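From the sequence below, what's the structure:
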Amino acid sequence: MIKLRNQATRNGHCVPWITLCRGCKLKSLELRPDWEFVADTVMGGVSTGQITKSKISELSVTRLTGQVSLENNGGFVQMAFDINNDGSIFDASKYEGIEIDVSGNEEEYDIRLRTSDLTRPWQSYRALFIARPEWSTTRVRFSEFVPHKTGIPLNVRCLRRIGVLGIGREYYADVSVSGIRFFNSWD
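Below you'll find the model as predicted:
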């Protein structure tokens, strides 16, 4: 049973607007992201890159490529998407974490979460993974995400945005994503 109610905030923090049946466990939820490219140029950096959609090994993928530069206090390239197309919050409390199907160039990348509780663009919740050349599935539990530049704990009832980033050092980013989902380990 799903109940809808108006989205609201209380004391500046989100109040979920979708209430799922209490005690229910949900199957994994495959996401259909509309990825967008963002780089440190939004804050004066000079990193360059792009995202492309293509077929690799007969999989439909979105590929992030680019040169991460630390010049001008920069240092990232990113592909990200709003979980709900209208930017509203998503209650992921019935899931254990995020699973992502990736391939890449043996480099380290971030999965980033943003919630409606965060007010500054540099605030997020981060988890690292390595994108191996062979396709693999990386599973990150919500409890593994680390707050970045915020003292607010991760509230998965208020998720808004998910990103994959090459960040923090000079290197060439090349990571492809063929699937991303919220998971439960009992699936």
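
Return the distance of stretch 62-70 from the chain's centre.
The gap between where stretch 62-70 is centred and where its chain is centred comes out at 16 Å by CA atoms, centre = their mean, to the nearest Å.

Ends of stretch 166-177, what's the gap?
For stretch 166-177, the separation between the terminal residues is 13 Å (CA to CA, to the nearest Å).

Could you list the residues in contact with it?
Contacts made with stretch 166-177 from outside it, assessed by CB atoms under 8 Å, 6 or more residues apart in numbering, are listed as 35, 49, 56, 61-70, 75-79, 100-105, 107, 109-110, 131, 164. For the C-beta atoms, the positions are set from N, CA and C on the backbone; glycine is no exception.

again with stretch 115-126
The set of residues external to stretch 115-126 that reach it, using CB under 8 Å, 6+ apart, is 9, 12-14, 42, 89, 110-114, 145-150, 152, 154-156, 158-160, 163.

out of those, which are buried?
Taking 16 or more other CB atoms under 10 Å as the criterion, what is buried in those is 14, 89, 110-114, 145, 150, 154-156, 158-160, 163.

remind me which residues of this structure are low pLDDT?
Under the criterion pLDDT under 70, the flagged ranges of the chain are 1-26, 186-187.

Nearest residue to the middle of this protein?
Nearest to the geometric centre of the chain sits Ile162, at 2.2 Å (CA atoms, centre = their mean).

tell me which element that residue falls in.
Here Ile162 is covered by strand 159-167, with elements defined by DSSP states H and E.

With only the CA atoms kept, save the helix or strand where Leu64 lies in CSV.
Using DSSP H and E, Leu64 sits within strand 59-68. As requested, the backbone C-alpha atoms of strand 59-68 are provided in CSV (Å, rounded to 0.1, in the frame of the first residue of the first chain):
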residue,chain,number,x,y,z
LEU,A,59,25.0,-3.1,-23.2
SER,A,60,23.4,0.3,-23.4
VAL,A,61,25.8,2.5,-21.3
THR,A,62,26.4,6.1,-20.3
ARG,A,63,30.1,6.9,-20.3
LEU,A,64,31.9,9.7,-18.4
THR,A,65,35.2,10.7,-19.8
GLY,A,66,37.4,13.7,-19.0
GLN,A,67,40.6,15.2,-17.7
VAL,A,68,40.5,16.0,-14.0
